[in-house]
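Novice: Fold the following.
(one chain, ligands or ions: 1)
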Amino acid sequence: MHTTDEFVLQLVKHPAAPMQPQSDAVASAVSTQTGMPPASPGHRPPPLRVMSLHALSYCERLFYLEEVEEIRVADAAVFEGRQAHEDLDEGALTSFTLESEELGLRGRVDAVRKRDGTLIPIEVKKGHAAPGAGPLAAWESDRVQVGAYALLLEATQGATIEEGRVRYLADHKTVRVPIDASLRQSVQDHITRANTLRAQVVRPPVTNNERLCPRCSLAPVCLPEEERTAQDEEHTALRLFPAHQERIVLHVLEHGAQVSRQGDSLLIKMRDSDPQVHPVRQVGAVVVHGYAQISTQALRMCSEHGIGVQWVAPNGQVTGAVLPAASSPQRHIRQFRALDQSDIRLRLARLLVTAKVQAQLQFLLRSTRGSQRSAEIEGVIARIRESLRHVDEVSGVEDLLGREGAAASAYFEGLARLLRDDLDVRLRFDKRSRRPTTDRFNGLLNWGYGMLYRECVATLVAVGLHPGLGFYHQPRSSASPLALDLMELFRVPLVDMAVVGALNRGTFDADADFEERGHHVWLSQSGKAKAIELFERRKQETWKHSVVGYSLSYGRMIELEARLLEKEYCGEGQLFARFRLR
Ligand code: SF4
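Specialist: Residues are numbered from 1 along each chain as shown. Okay, here's the model as predicted:
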């Protein structure tokens with residue numbers, strides 16, 4: 001459908017993008033200017049997306065996160081924007097893909113129309129136009145975008161473009177944008193700046209214009225408000241980070257269970273109960289326990305939807321995983337560089353140990369406050385405080401391990417006193433023991449720590465950090481040191497507190513929920529099911545973060561701390577491991 005003198009133009013099809021020359025050797029040196037490996041001779045970077053110039057005009061950091069680190073979040077606003085374009089595509093407008101090697105640019109213009117023999121690129125926006133003194137104006141980022149399409153049309157069609165238009169659906173208005181010399185220069189400047197940023201490993205700082213961030217889809221990754229809080233303790237952080245995890249973790253526990261694909265859902269067939277169907281959009285992760293099976297089709301669908309799949313052995317240890325990784329060499333380079341510096345490693349390790357020991361102390365204090373047990377654990381509390389006092393004095397990680405070990409030994413002594421006096425003696429414990437587990441209490445702790453470790457590995461990979469490179473734990477087993485580091489923050493609130501509370505409430509049965517083999521104790525199927533439910537429920541409980549000042553679920557808090565750690569590697573924030581239990 002066209003209107004009077006307008007019609008949709010059929011563009012000359014642009015030839016396929018030329019092949020990029022292959023680098024003839026893997027670059028081993030690192031450029032001192034950009035921090036990135038030098039480009040090989042004759043290398044041309046892939047063309048920029050026009051949309052990336054729009055992002056650059058909005059905020060340099062947004063451009064970097066989206067185009068360089070390749071983090072894209074399809075939130076509701078983005079989805080609505082796409083829907084608006086799709087709706088238009090069915091109607092009067094037709095979109096075209098344009099690419100110019102000379103400009104180093106490619107993009108998909110919403111429509112091109114011809115009026116009085118002149119081509120006019122048209123961009124459609126879901127929102128409102130910019131307020132102006134007179135008539136409505138186009139936002140600067142929209143002007144740059146439509147200007148870039150004009151330059152692409154000129155380069156590919158040999159035409160001269162004098163005007164572009166931006167249609168704002170919320171206002172039912174179309175704003176005319178003259179393609180004048182200053183806009184042409186602005187587009188060129190954006191292309192130059194974008195290519196400079198693409199070549200560097202340093203993430204640009206958070207924008208000074210705070211009003212941009214609440215509308216930015218990458219705010220939960222960028223954490224601008226947390227950065228402002230770090231710079232100014234008086235700053236009250238706006239919540240831009242989600243409070244809850246929207247998608248569920250599917251634990252497939254039953255022997256012989258089979259996970260397969262059924263349309264857009266995961267179907268779980270079990271021997272002894274009804275099948276379950278879970279729409280894939282509601283699933284965040286799949287954990288396959290023991291000898292359950294998952295089909296290739298289901299794995300493929302999980303991978304297409306960014307759903308991690310992890311396999312867990314009967315003893316609770318993670319044995320393998322297919323995880324959606326945030327591929328980012330920039331993040332890995334920053335992590336490697338930061339952790340190559342012993343002072344940074346020691347600073348982070350001190351923060352971590354302080355947070356963990358403070359949590360242990362706080363749990364014991366609040367559980368015994370006002371009761372006669374507080375006198376019973378006075379000695380334990382004094383020993384923990386003594387260890388804590390020396391954390392800032394240690395000269396290296398080995399010393400820190402010693403202090404933390406002393407605090408842990410006192411803490412577990414105190415933890416044993418938090419159990420109800422009339423609790424089945426088989427559910428009590430004397431001292432901490434790792435695998436193989438010799439008592440029920442430690443069996444529950446070990447299972448919980450296994451679940452926490454699994455969660456931390458998946459979170460670190462999703463955040464784009466290498467879980468194998470830690471700053472406190474050393475690589476002494478197949479376990480990933482950074483995941484072991486991160487989980488230290490959450491052992492007390494997510495596992496210890498949950499297990500002690502559940503035992504005191506009588507959740508676990510010493511006979512039905514455990515199996516004894518020789519001197520070893522294992523959780524039975526019913527025990528595992530209860531422990532998984534306990535852990536997943538605990539993850540959903542909310543807690544007010546004592547530094548950023550807003551409440552969020554423990555599940556989200558693991559992600560927040562992983563992102564705050566990632567910011568430490570950028571030289572930003574200094575908020576990692578600062579939250580405290582009250
Ligand atoms: S949240 Fe703010 S600082 Fe971060 S990328 Fe978006 S606009 Fe830029």
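Novice: distance of the residue nearest the centre of the chain from the ligand?
Specialist: For the chain, the residue sitting closest to the mean C-alpha position, by Cα atoms, centre = their mean, is residue 463 at 4.0 Å. With the distance defined as Cβ to the nearest ligand atom, to the nearest Å, residue 463 ends up 16 Å from the ligand. For every residue, glycine as well, the C-beta is placed using N, CA and C.
Novice: List the contacts of that residue.
Specialist: 326, 559, 562-563, 566 (Cβ atoms under 8 Å, 6 or more residues apart in numbering).
Novice: show me the contacts for the closest residue to it other than its chain neighbours.
Specialist: Counting by Cβ to Cβ, 6 or more residues apart in numbering, residue 562 is the residue found nearest to residue 463 once chain neighbours are left out, at 4.5 Å. The contact partners of residue 562, by Cβ under 8 Å, 6+ apart, come to 456, 459-460, 463, 465, 486.
Novice: Distance of the nearest residue to residue 67 once chain neighbours are set aside relative to the ligand?
Specialist: In space, and not counting its chain neighbours, residue 67 is closest to residue 52: 4.5 Å by Cβ to Cβ, 6+ apart. To the ligand, residue 52 is 13 Å away according to Cβ to the nearest ligand atom.
Novice: part of a helix, is residue 52?
Specialist: Yes - counting by DSSP: H, G, I helix; E, B strand; the rest coil, residue 52 falls inside a helix.
Novice: Now for it, how many residues are close by?
Specialist: Close neighbours of residue 52, defined as other Cβ atoms under 10 Å, add up to 26.
Novice: and what of residue 477?
Specialist: 9.
Novice: Please apply the same query to residue 286.
Specialist: 25.
Novice: what's the helix or strand for it?
Specialist: Assigned by DSSP states H and E, residue 286 belongs to strand 283-289.
Novice: how far is that strand from where the chain is centred?
Specialist: Relative to its parent chain, strand 283-289 has a centroid offset of 17 Å by Cα atoms, centre = their mean, to the nearest Å.
Novice: Let me see the mean pLDDT of that strand.
Specialist: In this model, strand 283-289 has a mean pLDDT of 96.
Novice: same for that strand, what does it pack against?
Specialist: Packed against strand 283-289 by the contact rule (3 or more Cβ pairs under 8 Å, 6 or more residues apart in numbering; DSSP states H and E) you find strand 248-252, strand 308-312.
Novice: Mind listing the strands the helix or strand following the first one pairs with, and their directions?
Specialist: Right, strand 248-252. Going down the chain from strand 248-252, the next helix or strand is strand 258-262, by DSSP H and E. Using DSSP bridges, the strands paired with strand 258-262 are strand 265-269 (antiparallel), strand 293-294 (parallel).
Novice: what's the most buried one of the ones you listed?
Specialist: Ranked by mean neighbour count under mean count of other Cβ atoms under 10 Å, these are led by strand 265-269, which reaches a mean of 20.
Novice: nearest to residue 344, of the strands paired with strand 258-262?
Specialist: Each of the strands paired with strand 258-262 was scored for nearness to residue 344 using Cβ to Cβ, and the closest is strand 293-294 (39.8 Å).
Novice: Next to the ligand, which bits of the chain? Give me the list.
Specialist: Contact residues, the chain versus the ligand (Cβ under 6 Å from any ligand atom): 59, 61-62, 65, 206-207, 212-213, 216, 218-219, 222, 224.
Novice: Go again with 5 Å.
Specialist: 59, 61-62, 206-207, 212-213, 216, 218-219, 222, 224 (Cβ under 5 Å from any ligand atom).
Novice: would you turn the contacts of residue 562 into JSON lines with pLDDT and secondary structure?
Specialist: Formatted as JSON lines, those follow (pLDDT from 0 to 100; DSSP: H, G, I helix; E, B strand; the rest coil):
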{"residue": "456", "pLDDT": "97", "secondary structure": "helix"}
{"residue": "459", "pLDDT": "95", "secondary structure": "helix"}
{"residue": "460", "pLDDT": "95", "secondary structure": "helix"}
{"residue": "463", "pLDDT": "93", "secondary structure": "helix"}
{"residue": "465", "pLDDT": "94", "secondary structure": "coil"}
{"residue": "486", "pLDDT": "98", "secondary structure": "helix"}
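Novice: coming back round to it: part of a strand, is the residue nearest to residue 463?
Specialist: No - applying three-state DSSP, one finds residue 562 to be helix, outside a strand.
Novice: Can you give me the distance of it to residue 204?
Specialist: 21 Å (Cβ to Cβ, to the nearest Å).
Novice: Show me the strands in the stretch 451-582 of the chain, by range?
Specialist: 514-517, 520-523, 542-544, 551-553 (DSSP state E, counting those that start in this stretch).
Novice: Now do the buried residues in the last one.
Specialist: Residues of strand 551-553 classed as buried: 552-553 (neighbour count, 16 or more other Cβ atoms under 10 Å).
Novice: Can you tell me what sits against that strand?
Specialist: The contact list for strand 551-553 (Cβ under 8 Å, 6+ apart) reads 241-245, 539-545, 560.
Novice: what ranges do the strands span in the stretch 301-450 of the chain?
Specialist: 308-312, 318-322.
Novice: which of these sits most buried?
Specialist: strand 308-312 comes out most buried of the strands of the stretch 301-450 of the chain by mean count of other Cβ under 10 Å, with a mean of 22.
Novice: In this structure residue 157 contacts residue 119, no?
Specialist: Yes - using Cβ atoms under 8 Å, residue 157 is in contact with residue 119, at 6.7 Å.
Novice: out of these two, which sits in the busier spot?
Specialist: residue 119 (21 against 16).
Novice: which SS class is the more buried one?
Specialist: strand.
Novice: Check what pLDDT the residue nearest to it when sequence neighbours are not counted gets.
Specialist: Leaving out its chain neighbours, the residue that sits closest to residue 119 by Cβ to Cβ, 6+ apart is residue 159, at 5.0 Å. Note on residue 159: pLDDT of 88.
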